[in-house]
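J.: Sequence and predicted structure below; questions after.
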Amino acid sequence: MERGETCSLATRSSLGHWLLVSLIISVCSISVITAVPIARAVVSAGAEEKADSMLELYPEPFFPEGTYDSSIPDPESFLGYPLGTKPIHHREAIDYFKALASFSPKAELHQYGETFEGRALFYLVISSEENMNRLEEIKSSLKLLADPRKVGGESEVASLVERTPAVAWLGYCVHGDELSGTDAAIQVAYQLVAGTDSLTEKLRRELVTIVDPLQNPDGRERYLTQLESNQGNMLNADPQSLQHGGFWPWGRGNHYLFDLNRDWSLLAQPETRGKVTAVLEWNPQLLIDAHEMGPHNSFLFSPPNEPYNPNLTQTLKKWWKVFAQDQAQAFDRYGWSYYTGEWYEGWYPGYGSEWIAFLGAVAILYEQAGVAPSMVKQRDGSIITYRESVHHHFVSSIANLTTAAEHRRELLEDYHQQRKEATKNTGAFIFAPARNQTRAN
C-alpha cells in the first residue's frame, strides 16, 4: 500500500480513527526507510552530496574475470574519466570507436548516415581476425541464407551454416534521453575488441557483432545540454529533481522531435533510412534494442506480454525463452532485479524490436531504470547509480551474445527456415497516398 493511500484513510474526525491512521502512517514510514535490497549500493550519510563519490558508490568492475590486450586503450584511459560516472557525448563515442578500429584488426568502423544536425551515424564491426578478413564472403553467405530461392539445396545450406558466423546487431539509444545504453556500448566494444579471455575469443570466433552505440545523437546532445546546465556541486538523488529530468522537448525525439522507434517500417527519417539499409545489408540473426524507462523500475527484457502478434512465429517465441533464461542467470549472479512479460507489447512493426522479428531474426528489447546523469534514490531507499545502470546493459549484452554464440548453428538454420516459410506466402501491403503527399512521405 502506498503512503498516499494510507493517508487518505484519515477522513473521519473521531480521535480513535486519527490515532489508528497515525499508527499506520508511522509503521509504513518505517518500512519504507528500512527496506533495502541486498544487491544495491546504499548511500552513506552525506555521500550523495559529493560529486566525486560516484565510483565509490558503485565500484564493481564491468567484467570481473576479464583480461585484456594492453595495446588497446581502455575507455577510462581514453576518455579521461571512469566510464559510467557521467554520460558520454557523441563526439567521445565516435572518437573512441575510431581508436579501436585503428588499434585493432578485429574492428572496422562504418558510417551509415548523418542526422539533420550533421552528426555522423556509425557502427563498429567486431569479430576475429579470420572473420574480418572474409567479411564480404560472410555477407554473401548470409544473403543466400536470407533468400532460399537462391540456395541449391539442403547440402549447400548445411555448408553455409557450418562456415558462417552469426551476426548480432546491438542498437542503443534510439531515444536520445535514454542514456545508459550508449555508455554500455563503449564497454561492450572494448570487451569484444580487447578481451583475451576464452569467452570473448569465442564470441569473436562464432559471431560478427555490430555495435550501433547511438542511434539518435541529436536528441542525446540536446538532452545532455539540459542536464549539464542543471548540475551543481551537490548531487540530488531525488528523481523528481530537474537534475534528472530536463525539460521539454527533452531528448526522446530527433532534431524534428520524431520518435525514431516508430519509424522502422515508415522510414520517414534519415537516421532510420540509413540504419535499415545497413541492417538489411548484414542480415543479422539477433538484434538488441536497448532502452530506458522510469527511475523506480528495475530491468525489463523480452519476451513481451501476451497476447502476441499472430504473425510472430513459434520459432521466435522459442528463442525468446532461451535468451531470457540465460539473461536471467546473468542477472542472478549479481542479485539484480528484473522482470519480463509485462506492459511491453510486440504488435507494431515500426518498433526496432519487432521490425526485425518479421524478417526472421531474434529481437530482444531492454528497458533499464533511467537514473542519469548520476544516481537516484528509489522508493525502498536504495540507490542505483548511473554506472550500475550501464553495467546492467553491459551484462545483458554479453549474456545475449553468449547465447547466440552457443547456438550459432541453430540460429542460422532457424533463420533460413523462417525465410523459406515466408516465401510460400508472398505479398505486400500498399499504402496509397492521398492528396497530402507530404504526410505520406
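T.: Received the coordinates, thanks.

J.: what about the residue nearest to residue 175 when sequence neighbours are not counted, which helix or strand?
T.: Leaving aside its sequence neighbours, residue 175 sits nearest to residue 252 (Cβ to Cβ, 6 or more residues apart in numbering; 4.7 Å). In this view, the C-beta of every residue, glycine as well, is placed from N, C-alpha and C. For residue 252, there is no enclosing helix or strand under DSSP states H and E.

J.: ok, residue 252 touching residue 179?
T.: No. Counting by Cβ atoms under 8 Å, residue 252 stays clear of residue 179, with 11.4 Å between them.

J.: of those two, who's got more company?
T.: Neighbour count, other Cβ atoms under 10 Å: between residue 252 and residue 179, residue 179 has more, with 29 against 19.

J.: hey, where'd the strands end up in the stretch 101-250 of the chain?
T.: Remark: strands assigned in the stretch 101-250 of the chain by DSSP state E, counting those that start in this stretch are 107-114, 120-126, 166-172, 207-212.

J.: With respect to burial, which of those strands scores highest?
T.: Mean neighbours per residue, mean count of other Cβ atoms under 10 Å, is largest over those for strand 166-172, with a mean of 27.

J.: Break down the stretch 301-441 of the chain into its strands, ranges please.
T.: Going by DSSP E, counting those that start in this stretch, the stretch 301-441 of the chain shows strands at 362-369, 375-377, 383-385.

J.: Is it possible to get JSON lines of those strands that adds mean pLDDT, distance to residue 224 and mean neighbour count?
T.: Output for these, formatted as JSON lines (pLDDT from 0 to 100; distance: least, Cβ to Cβ, whole Å; neighbours: other Cβ atoms under 10 Å):
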{"stretch": "strand 362-369", "mean pLDDT": "97", "distance to residue 224": "17", "mean neighbour count": "26"}
{"stretch": "strand 375-377", "mean pLDDT": "94", "distance to residue 224": "17", "mean neighbour count": "24"}
{"stretch": "strand 383-385", "mean pLDDT": "94", "distance to residue 224": "17", "mean neighbour count": "25"}
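
J.: right, and these - which one's nearest residue 428?
T.: strand 362-369 (21.4 Å; Cβ to Cβ).

J.: Quick one: work out the angle between that closest one and strand 166-172.
T.: Counting by axes from the mean of the first three to the mean of the last three Cα atoms, to 10 degrees, strand 362-369 lies at 30 degrees to strand 166-172.

J.: for the nearest residue to residue 96 once chain neighbours are set aside, helix, strand, or coil?
T.: Closest residue to residue 96 apart from its sequence neighbours, by Cβ to Cβ, 6+ apart: residue 78 at 5.4 Å. Three-state assignment for residue 78 (DSSP: H, G, I helix; E, B strand; the rest coil): helix.

J.: give the contact list for the residue nearest to residue 175.
T.: Residue 252 is in contact with 175-178, 219, 259, counting by Cβ atoms under 8 Å, 6 or more residues apart in numbering.

J.: List the residue ranges of the stretch 51-200 of the chain that fall below the pLDDT cut-off.
T.: 51-53 (pLDDT under 70).

J.: Okay, helices next: where are they in it?
T.: Listed in chain order, the helices of the stretch 51-200 of the chain (DSSP state H, counting those that start in this stretch) span 54-57, 75-79, 90-103, 129-132, 135-146, 154-163, 180-194, 198-206.

J.: The fifth one versus strand 120-126: what angle between them?
T.: Per the same axes, to 10 degrees, the angle that helix 135-146 makes with strand 120-126 is 90 degrees.

J.: Export only the CA atoms of helix 135-146, formatted as PDB.
T.: What follows is helix 135-146, C-alpha atoms only, in PDB (Å, rounded to 0.1, in the frame of the first residue of the first chain):
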ATOM      1  CA  LEU A 135      33.600 -10.100 -44.300                       C
ATOM      2  CA  GLU A 136      32.300  -9.900 -47.900                       C
ATOM      3  CA  GLU A 137      32.200 -13.700 -48.100                       C
ATOM      4  CA  ILE A 138      30.200 -13.800 -44.800                       C
ATOM      5  CA  LYS A 139      27.800 -11.200 -46.100                       C
ATOM      6  CA  SER A 140      27.300 -13.200 -49.300                       C
ATOM      7  CA  SER A 141      26.600 -16.400 -47.400                       C
ATOM      8  CA  LEU A 142      24.100 -14.700 -45.100                       C
ATOM      9  CA  LYS A 143      22.400 -13.200 -48.200                       C
ATOM     10  CA  LEU A 144      22.000 -16.700 -49.600                       C
ATOM     11  CA  LEU A 145      20.500 -18.000 -46.300                       C
ATOM     12  CA  ALA A 146      18.200 -15.000 -46.300                       C
END
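
J.: right, and residue 354 touches residue 344 too?
T.: No. Between residue 354 and residue 344 there is no contact under Cβ under 8 Å: 10.3 Å.

J.: who has more neighbours, these two?
T.: residue 354 (23 against 18).

J.: Look up the closest residue to the more buried one, ignoring the ones flanking it.
T.: residue 346 (5.1 Å).

J.: likewise residue 298?
T.: residue 337 is the one closest to residue 298 (Cβ to Cβ, 6+ apart), at 3.8 Å.

J.: The helix or strand where residue 292 lies pairs with which strands?
T.: Element membership of residue 292 [criterion: DSSP H and E] is strand 286-293. Strand pairing for strand 286-293, determined by DSSP bridges: strand 166-172 (parallel), strand 362-369 (parallel).

J.: Quick one: residues in contact with the shortest one.
T.: I take that to be strand 166-172. 138, 142, 181-182, 184-185, 188, 206-215, 275, 279, 282-290, 352, 356, 393, 397, 400-401, 404-405, 408, 411-412.

J.: swap in stretch 102-118?
T.: By Cβ under 8 Å, 6+ apart, the surrounding residues in contact with stretch 102-118 are 69, 71-73, 97-98, 100-101, 120-129, 132, 135, 189, 192-194, 204, 216-218, 221, 254-256, 270-271, 273-275, 277-278.

J.: Endpoints of that stretch, how far apart?
T.: In terms of Cα to Cα, to the nearest Å, the two terminal residues of stretch 102-118 are separated by 23 Å.

J.: so what's the closest residue to residue 123 other than its chain neighbours up against?
T.: Nearest-residue entry for residue 123: residue 212, 4.4 Å, with adjacent residues in sequence omitted and distances by Cβ to Cβ, 6+ apart. By Cβ under 8 Å, 6+ apart, residue 212 lies in contact with 121-123, 169-172, 185, 275.
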